[in-house]
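[1] turn this into a model:
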Amino acid sequence: MTKTLTLTAVTGVLLLGLSACADAPAEEAAPAAETVVPAEVILAADDAPAGFTYTDLGATLAEGDPEANAELLAMMAELTGATATAPAQCAGLLPTAVDILTHIGQDPATTAGTDFTDAEGTAITAMATTDADLTRAPADLSECATFTRESAVEGVDLALTYHAQPMGLELPGADAVTAARVQLADDAVAEESTVIAGDVDGVYFYLTAPATLDDQVLIDLAGAQVEKIAGR
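    Alright, predicted model coming up:
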């Protein structure tokens, strides 16, 4: 399988969640530490949970066919621009590989991403960024108990409703921590994800995975991400 096909596969399975980047940042970004290089602090192969395969999303972009990747990134940018979330501050609760790849493609110096996938197709996606303009997950979820996401791409309108519930997680060493369960309000589609996000020394990180994944796996990864940024 070529890198281009790998990139297409990574994004294709996550398009249902749409993009979280079209809205204004939900949280004010902390000043970024100038010496931090996200690609050097993002979760890597050594952090992969047992049974999961590691993919460096930035490397996948860099090693792929430039023309094919440019077309894919243009498609993702179109999706991003055609998506709106209400309330706007809830946009950062649905980070996807689409968001990460779009930001890496636009500015790989400020954003890095990792994907861990097991044999059943369960995917854990992580991102670290110093981009102050990227949409943050809100620390206060009170207005995101129910929120909507609408998109209009190539004449097709899609409106989805989600429910978010806080998990009450504390991550030592991280500020503005958000931990939530986000569920699609659709009886015909069972889609529920877990999101953990926060800030360490001006570096924003988030992780997301299907809610079927053991919570402790994602919590352990979030803790490892905090330690990697703080211990750089």
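
[2] list the contacts for the closest residue in space to Ala164 that isn't next to it in sequence?
    Nearest residue to Ala164 in three dimensions, chain neighbours excluded: Cys144, at 4.4 Å (Cβ to Cβ, 6 or more residues apart in numbering). For the C-beta atoms, the positions are set from N, CA and C on the backbone; glycine is no exception. By Cβ atoms under 8 Å, 6 or more residues apart in numbering, the residues touching Cys144 are 87, 89-90, 93, 138, 164, 180.

[3] just the buried ones from those residues?
    Neighbour counting with 16 or more other Cβ atoms under 10 Å marks 89-90, 93, 138, 164, 180 as buried within these.

[4] part of a strand, is Trp212?
    Just to correct that, residue 212 is Thr rather than Trp. No - using DSSP: H, G, I helix; E, B strand; the rest coil, the secondary structure at Thr212 is coil, not a strand.

[5] quick one, phi psi at it?
    phi -70, psi -20 (degrees, to the nearest 10).

[6] can you tell me what sits against stretch 44-57?
    With Cβ under 8 Å, 6+ apart as the criterion, stretch 44-57 contacts 6, 10, 97, 100-101, 104, 112-119, 122, 124, 217, 220-221, 224-225, 228.

[7] Thr111 versus Pro87, what's the distance?
    25 Å (Cβ to Cβ, to the nearest Å).

[8] cool, Ala159 as well?
    28 Å.

[9] how about Leu207?
    Counting by Cβ to Cβ, the gap from Leu207 to Thr111 is 14 Å.

[10] show me the helices in the protein, by range?
    3-12, 38-41, 57-63, 66-81, 97-106, 215-230 (DSSP state H).

[11] which residues touch the closest residue to Asp215 other than its chain neighbours?
    Excluding its sequence neighbours, the residue lying closest to Asp215 (Cβ to Cβ, 6+ apart) is Thr194, at 6.6 Å. Residues near Thr194 by Cβ under 8 Å, 6+ apart: 167, 179-182, 208-211, 213, 215, 218.

[12] return a ChimeraX selection command for the buried portion of those residues.
    Applying 16+ other Cβ under 10 Å to these, the buried members can be selected in ChimeraX as follows:
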select :167,179,180,181,182,208,209,213,218
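
[13] still on that earlier bit, in the sheet, who's paired with the residue nearest to Asp215?
    The partner list for Thr194 in beta bridges (DSSP bridges) reads Arg181, Ala209.

[14] do the same with Tyr54
    Phe116.

[15] what distance do you get for it to Asp47?
    8 Å.

[16] tabulate the contacts of Cys144 in JSON lines, adding columns for pLDDT and distance to Glu150.
    Formatted as JSON lines, these follow (pLDDT from 0 to 100; distance: Cβ to Cβ, whole Å):
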{"residue": "Pro87", "pLDDT": "94", "distance to Glu150": "13"}
{"residue": "Gln89", "pLDDT": "90", "distance to Glu150": "16"}
{"residue": "Cys90", "pLDDT": "94", "distance to Glu150": "13"}
{"residue": "Leu93", "pLDDT": "93", "distance to Glu150": "15"}
{"residue": "Pro138", "pLDDT": "93", "distance to Glu150": "19"}
{"residue": "Ala164", "pLDDT": "97", "distance to Glu150": "17"}
{"residue": "Ala180", "pLDDT": "97", "distance to Glu150": "20"}
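
[17] can you put these in JSON lines and add distance to Asp65?
    Listed next are these as JSON lines, based on distance: Cβ to Cβ, whole Å:
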{"residue": "Pro87", "distance to Asp65": "39"}
{"residue": "Gln89", "distance to Asp65": "37"}
{"residue": "Cys90", "distance to Asp65": "36"}
{"residue": "Leu93", "distance to Asp65": "33"}
{"residue": "Pro138", "distance to Asp65": "38"}
{"residue": "Ala164", "distance to Asp65": "38"}
{"residue": "Ala180", "distance to Asp65": "37"}
